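Engineer: Structure of the sequence below:
(chains A and B)
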Amino acid sequence: MNGTDAGQSEPLTEIVVPSKIEATKEPEQQILAQVARCGYSPDAAFAIKLALQEAVTNAIKHGNRNDPSKHLTLRFAVSPEKTVIAVADEGDGFHVEKIPDPTTDENLECPTGRGIMLMRAYMNRVSYNDKGTEVTLVKLNE
Amino acid sequence: MPQPHQYPPLNVRRQGSAVIVTVTGCGDADCTDQIRGVAATLVASLEGLLVLDLSQVRSPGADFLGALVALLLRVQARGASLKLVNPDAELRRLLEESRLLTLFGVYNDLEQALAS
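Structural biologist: Alright, predicted model coming up:
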(Lines give C-alpha, C1' and ligand atoms only; values in the text may rest on other atoms or scores of the structure.)
Protein backbone atom coordinates (compact mmCIF):
# COMPACT_ATOMS: atom_id res chain seq x y z
CA MET A 1 0.00 0.00 0.00
CA ASN A 2 1.34 3.40 -0.92
CA GLY A 3 0.54 6.75 0.64
CA THR A 4 2.04 10.16 1.12
CA ASP A 5 3.29 11.96 4.19
CA ALA A 6 2.98 15.64 4.98
CA GLY A 7 6.27 17.29 4.04
CA GLN A 8 7.40 14.21 2.15
CA SER A 9 7.07 14.58 -1.60
CA GLU A 10 7.88 11.01 -2.58
CA PRO A 11 5.34 8.24 -2.08
CA LEU A 12 5.83 6.18 1.05
CA THR A 13 5.46 2.45 1.08
CA GLU A 14 3.35 1.35 4.03
CA ILE A 15 3.63 -2.00 5.81
CA VAL A 16 1.64 -3.03 8.88
CA VAL A 17 3.12 -5.83 10.99
CA PRO A 18 2.33 -7.45 14.34
CA SER A 19 4.08 -5.82 17.28
CA LYS A 20 6.93 -8.35 17.48
CA ILE A 21 10.61 -7.86 16.68
CA GLU A 22 10.69 -10.87 14.36
CA ALA A 23 7.81 -9.44 12.31
CA THR A 24 9.82 -6.30 11.59
CA LYS A 25 12.77 -8.13 10.07
CA GLU A 26 11.28 -8.47 6.59
CA PRO A 27 10.45 -4.77 6.17
CA GLU A 28 13.86 -3.96 7.67
CA GLN A 29 15.55 -6.12 5.05
CA GLN A 30 13.44 -4.49 2.34
CA ILE A 31 14.49 -1.01 3.45
CA LEU A 32 18.16 -1.93 3.80
CA ALA A 33 18.19 -3.59 0.37
CA GLN A 34 16.88 -0.36 -1.14
CA VAL A 35 19.48 1.62 0.81
CA ALA A 36 22.21 -0.60 -0.63
CA ARG A 37 20.83 -0.26 -4.17
CA CYS A 38 20.80 3.54 -3.82
CA GLY A 39 24.51 3.64 -3.05
CA TYR A 40 24.58 4.82 0.55
CA SER A 41 27.92 4.52 2.35
CA PRO A 42 28.41 1.67 4.82
CA ASP A 43 28.32 4.21 7.67
CA ALA A 44 25.01 5.62 6.46
CA ALA A 45 23.55 2.15 6.00
CA PHE A 46 24.62 1.23 9.52
CA ALA A 47 23.05 4.42 10.86
CA ILE A 48 19.74 3.69 9.14
CA LYS A 49 19.71 0.10 10.42
CA LEU A 50 20.52 1.17 13.97
CA ALA A 51 17.95 3.97 14.06
CA LEU A 52 15.25 1.78 12.54
CA GLN A 53 15.90 -0.95 15.10
CA GLU A 54 15.77 1.55 17.96
CA ALA A 55 12.53 3.04 16.65
CA VAL A 56 10.96 -0.40 16.31
CA THR A 57 12.16 -1.47 19.76
CA ASN A 58 10.74 1.67 21.35
CA ALA A 59 7.43 1.24 19.55
CA ILE A 60 7.07 -2.38 20.67
CA LYS A 61 8.30 -1.96 24.25
CA HIS A 62 7.15 1.50 25.24
CA GLY A 63 4.40 2.26 22.72
CA ASN A 64 2.60 -1.05 22.45
CA ARG A 65 3.90 -2.26 25.84
CA ASN A 66 4.93 -5.66 24.46
CA ASP A 67 1.36 -6.49 23.48
CA PRO A 68 1.69 -8.81 20.45
CA SER A 69 -1.96 -8.27 19.48
CA LYS A 70 -1.11 -4.67 18.60
CA HIS A 71 0.54 -3.54 15.38
CA LEU A 72 3.29 -1.33 14.04
CA THR A 73 2.92 0.71 10.90
CA LEU A 74 6.13 1.28 8.97
CA ARG A 75 6.14 3.82 6.13
CA PHE A 76 9.26 4.45 4.16
CA ALA A 77 10.78 5.93 1.02
CA VAL A 78 14.35 5.35 -0.05
CA SER A 79 15.84 7.45 -2.82
CA PRO A 80 19.41 8.25 -3.86
CA GLU A 81 19.02 11.57 -2.03
CA LYS A 82 17.51 10.54 1.29
CA THR A 83 15.80 7.83 3.28
CA VAL A 84 12.63 8.58 5.20
CA ILE A 85 11.21 6.04 7.64
CA ALA A 86 8.22 6.48 9.93
CA VAL A 87 7.36 3.98 12.67
CA ALA A 88 3.97 4.27 14.36
CA ASP A 89 2.60 2.32 17.31
CA GLU A 90 -0.86 1.95 18.85
CA GLY A 91 0.10 3.24 22.29
CA ASP A 92 -0.92 6.31 24.24
CA GLY A 93 2.02 8.37 23.05
CA PHE A 94 4.59 10.35 25.01
CA HIS A 95 6.27 13.72 25.14
CA VAL A 96 9.80 13.37 23.86
CA GLU A 97 10.93 16.51 25.67
CA LYS A 98 10.19 14.78 28.98
CA ILE A 99 12.67 11.99 28.27
CA PRO A 100 15.88 12.69 30.20
CA ASP A 101 19.10 13.14 28.27
CA PRO A 102 21.14 9.99 28.99
CA THR A 103 24.42 11.71 28.15
CA THR A 104 24.32 14.19 31.03
CA ASP A 105 26.49 13.42 34.05
CA GLU A 106 23.51 12.78 36.32
CA ASN A 107 21.94 10.28 33.89
CA LEU A 108 25.06 8.56 32.63
CA GLU A 109 24.66 5.59 34.94
CA CYS A 110 20.99 5.09 34.13
CA PRO A 111 20.62 1.69 32.43
CA THR A 112 17.79 2.79 30.12
CA GLY A 113 16.81 5.60 27.79
CA ARG A 114 19.50 5.64 25.09
CA GLY A 115 17.40 4.71 22.07
CA ILE A 116 16.19 8.20 21.22
CA MET A 117 19.65 9.64 21.79
CA LEU A 118 21.17 7.13 19.37
CA MET A 119 18.55 7.84 16.71
CA ARG A 120 19.35 11.54 16.99
CA ALA A 121 23.10 10.92 16.89
CA TYR A 122 22.99 8.81 13.75
CA MET A 123 20.20 10.38 11.66
CA ASN A 124 19.93 13.85 10.11
CA ARG A 125 16.44 14.43 11.48
CA VAL A 126 14.27 12.73 14.07
CA SER A 127 10.78 14.05 14.71
CA TYR A 128 7.59 12.93 16.44
CA ASN A 129 3.95 13.54 15.73
CA ASP A 130 2.03 15.61 18.27
CA LYS A 131 0.68 12.58 20.10
CA GLY A 132 4.06 10.88 20.31
CA THR A 133 2.94 7.69 18.63
CA GLU A 134 4.98 8.04 15.43
CA VAL A 135 8.64 8.79 14.93
CA THR A 136 9.99 9.91 11.56
CA LEU A 137 13.65 9.36 10.74
CA VAL A 138 15.49 11.05 7.89
CA LYS A 139 18.96 10.18 6.63
CA LEU A 140 20.54 12.13 3.78
CA ASN A 141 22.81 10.32 1.33
CA GLU A 142 25.73 12.70 1.76
CA MET B 1 3.86 -20.10 36.77
CA PRO B 2 6.48 -18.27 34.69
CA GLN B 3 9.69 -20.17 33.99
CA PRO B 4 12.98 -18.58 35.04
CA HIS B 5 14.75 -16.87 32.17
CA GLN B 6 17.20 -19.14 30.37
CA TYR B 7 20.37 -17.24 29.55
CA PRO B 8 22.54 -18.33 26.63
CA PRO B 9 25.70 -20.30 27.41
CA LEU B 10 28.65 -18.07 28.22
CA ASN B 11 32.22 -18.41 27.02
CA VAL B 12 34.09 -17.91 30.30
CA ARG B 13 37.70 -18.46 31.21
CA ARG B 14 39.86 -17.40 34.13
CA GLN B 15 43.32 -15.90 34.11
CA GLY B 16 44.67 -15.37 37.60
CA SER B 17 41.97 -13.55 39.52
CA ALA B 18 40.42 -12.15 36.37
CA VAL B 19 37.27 -13.58 34.82
CA ILE B 20 37.20 -13.17 31.04
CA VAL B 21 33.97 -13.51 29.09
CA THR B 22 33.92 -13.56 25.32
CA VAL B 23 30.61 -12.07 24.27
CA THR B 24 29.27 -13.15 20.88
CA GLY B 25 26.14 -12.33 19.01
CA CYS B 26 24.53 -10.31 16.29
CA GLY B 27 21.71 -7.90 17.05
CA ASP B 28 20.75 -6.00 20.14
CA ALA B 29 18.58 -8.67 21.79
CA ASP B 30 21.11 -11.46 21.30
CA CYS B 31 24.06 -9.49 22.64
CA THR B 32 22.07 -7.99 25.50
CA ASP B 33 20.90 -11.38 26.72
CA GLN B 34 24.52 -12.45 27.16
CA ILE B 35 25.38 -9.39 29.22
CA ARG B 36 22.35 -10.00 31.42
CA GLY B 37 23.49 -13.62 31.71
CA VAL B 38 26.88 -12.44 32.95
CA ALA B 39 25.17 -10.22 35.52
CA ALA B 40 22.88 -13.01 36.66
CA THR B 41 25.39 -15.85 36.86
CA LEU B 42 28.91 -14.49 37.36
CA VAL B 43 28.84 -11.29 39.36
CA ALA B 44 27.82 -12.82 42.68
CA SER B 45 31.08 -14.80 42.88
CA LEU B 46 33.30 -12.19 41.26
CA GLU B 47 36.50 -11.22 43.02
CA GLY B 48 38.64 -8.60 41.35
CA LEU B 49 38.39 -8.08 37.64
CA LEU B 50 35.75 -8.91 35.02
CA VAL B 51 36.83 -8.50 31.40
CA LEU B 52 34.37 -8.57 28.52
CA ASP B 53 35.92 -9.41 25.16
CA LEU B 54 33.56 -7.65 22.74
CA SER B 55 35.42 -8.45 19.52
CA GLN B 56 32.64 -10.79 18.36
CA VAL B 57 29.72 -8.49 19.12
CA ARG B 58 27.90 -7.23 16.04
CA SER B 59 25.13 -4.67 15.69
CA PRO B 60 24.29 -3.96 19.31
CA GLY B 61 22.01 -1.07 20.26
CA ALA B 62 20.65 0.91 23.17
CA ASP B 63 19.56 -2.12 25.18
CA PHE B 64 23.07 -3.53 25.00
CA LEU B 65 24.54 -0.26 26.25
CA GLY B 66 22.00 -0.21 29.07
CA ALA B 67 22.86 -3.79 30.03
CA LEU B 68 26.57 -2.87 30.13
CA VAL B 69 25.82 0.03 32.48
CA ALA B 70 23.66 -2.17 34.71
CA LEU B 71 26.44 -4.78 34.80
CA LEU B 72 29.04 -2.13 35.65
CA LEU B 73 26.97 -0.93 38.61
CA ARG B 74 26.60 -4.48 39.93
CA VAL B 75 30.30 -5.19 39.52
CA GLN B 76 31.23 -1.96 41.28
CA ALA B 77 28.78 -2.73 44.08
CA ARG B 78 30.85 -5.87 44.74
CA GLY B 79 34.01 -3.83 44.90
CA ALA B 80 35.24 -5.38 41.64
CA SER B 81 36.02 -3.75 38.30
CA LEU B 82 34.90 -4.20 34.71
CA LYS B 83 36.96 -3.68 31.56
CA LEU B 84 35.89 -3.86 27.93
CA VAL B 85 38.20 -5.24 25.27
CA ASN B 86 38.29 -4.77 21.51
CA PRO B 87 34.88 -3.41 20.55
CA ASP B 88 34.56 -2.99 16.79
CA ALA B 89 34.38 0.48 15.27
CA GLU B 90 30.58 0.56 15.34
CA LEU B 91 30.35 -0.35 19.00
CA ARG B 92 33.14 2.05 19.90
CA ARG B 93 31.20 4.84 18.22
CA LEU B 94 28.05 3.84 20.13
CA LEU B 95 30.02 4.11 23.35
CA GLU B 96 31.39 7.49 22.29
CA GLU B 97 28.03 8.91 21.23
CA SER B 98 26.48 7.89 24.54
CA ARG B 99 29.47 9.24 26.53
CA LEU B 100 29.95 5.83 28.07
CA LEU B 101 33.69 5.90 27.39
CA THR B 102 33.81 8.10 30.48
CA LEU B 103 32.42 5.21 32.57
CA PHE B 104 34.21 2.21 31.08
CA GLY B 105 37.80 1.29 30.62
CA VAL B 106 38.07 0.23 26.97
CA TYR B 107 41.21 -1.57 25.76
CA ASN B 108 42.45 -2.70 22.38
CA ASP B 109 43.47 -6.16 23.54
CA LEU B 110 43.26 -8.51 26.48
CA GLU B 111 46.88 -8.20 27.51
CA GLN B 112 46.53 -4.43 27.79
CA ALA B 113 43.38 -4.79 29.89
CA LEU B 114 44.95 -7.30 32.25
CA ALA B 115 48.14 -5.31 32.62
CA SER B 116 46.57 -1.93 33.34
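Engineer: Show me the beta-bridge partners of the most centrally placed residue in chain B.
Structural biologist: Nearest to the geometric centre of chain B sits B:L52, at 4.3 Å (C-alpha atoms, centre = their mean). Counting by DSSP bridges, B:L52 forms beta bridges with B:V21, B:L84.
Engineer: So the lengthiest helix in chain A, near chain B or not?
Structural biologist: As assigned by DSSP state H, the longest helix anywhere in chain A is helix A:42-58. Yes. Shown here: helix A:42-58 in contact with chain B (C-beta under 8 Å from any C-beta of the partner chain) through A:46, A:49-50, A:53-54, A:57. All C-beta spots, glycine's among them, are computed from the backbone N, C-alpha and C.
Engineer: Residues contacting that helix, please?
Structural biologist: Under the criterion C-beta atoms under 8 Å, 6 or more residues apart in numbering or on different chains, residues A:21, A:24, A:28, A:31-32, A:35-36, A:40, A:72, A:74, A:83, A:85, A:87, A:115-116, A:118-119, A:122-123, A:126, A:135, A:137, A:139, A:141-142, B:27-28, B:59, B:61-63, B:90 lie in contact with helix A:42-58.
Engineer: wait, the residue nearest to the centre of chain B sits on B:V23?
Structural biologist: Yes. Counting by C-beta atoms under 8 Å, B:L52 touches B:V23, with 5.6 Å between them.
Engineer: Need the overlap of contacts for the two.
Structural biologist: Common neighbours of B:L52 and B:V23 (C-beta under 8 Å, 6+ apart) are B:35, B:38.
Engineer: all strands of chain B, in order?
Structural biologist: B:11-15, B:18-26, B:49-58, B:81-85, B:105-107 (DSSP state E).
Engineer: Next: chain A.
Structural biologist: According to DSSP E, the strands that chain A contains are A:2-5, A:8-18, A:71-78, A:82-88, A:125-128, A:134-140.
Engineer: Now the ones you listed in TSV, please, with extra columns for mean neighbour count and mean pLDDT.
Structural biologist: Shown next, in TSV, are the strands of chain A (neighbours: other C-beta atoms under 10 Å in any protein chain shown; pLDDT from 0 to 100):
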stretch	mean neighbour count	mean pLDDT
strand A:2-5	12	45
strand A:8-18	15	88
strand A:71-78	21	98
strand A:82-88	23	98
strand A:125-128	16	97
strand A:134-140	21	98
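Engineer: Could you provide the ones you listed in TSV, with additional columns for distance to B:V19?
Structural biologist: Below are those laid out as TSV (distance: least, C-beta to C-beta, whole Å):
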stretch	distance to B:V19
strand A:2-5	51
strand A:8-18	40
strand A:71-78	40
strand A:82-88	39
strand A:125-128	39
strand A:134-140	39
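Engineer: As TSV, those with distance to chain B would be great.
Structural biologist: As requested, these are exported to TSV (distance: least, C-beta to the nearest C-beta, whole Å):
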stretch	distance to chain B
strand A:2-5	25
strand A:8-18	16
strand A:71-78	16
strand A:82-88	14
strand A:125-128	14
strand A:134-140	14
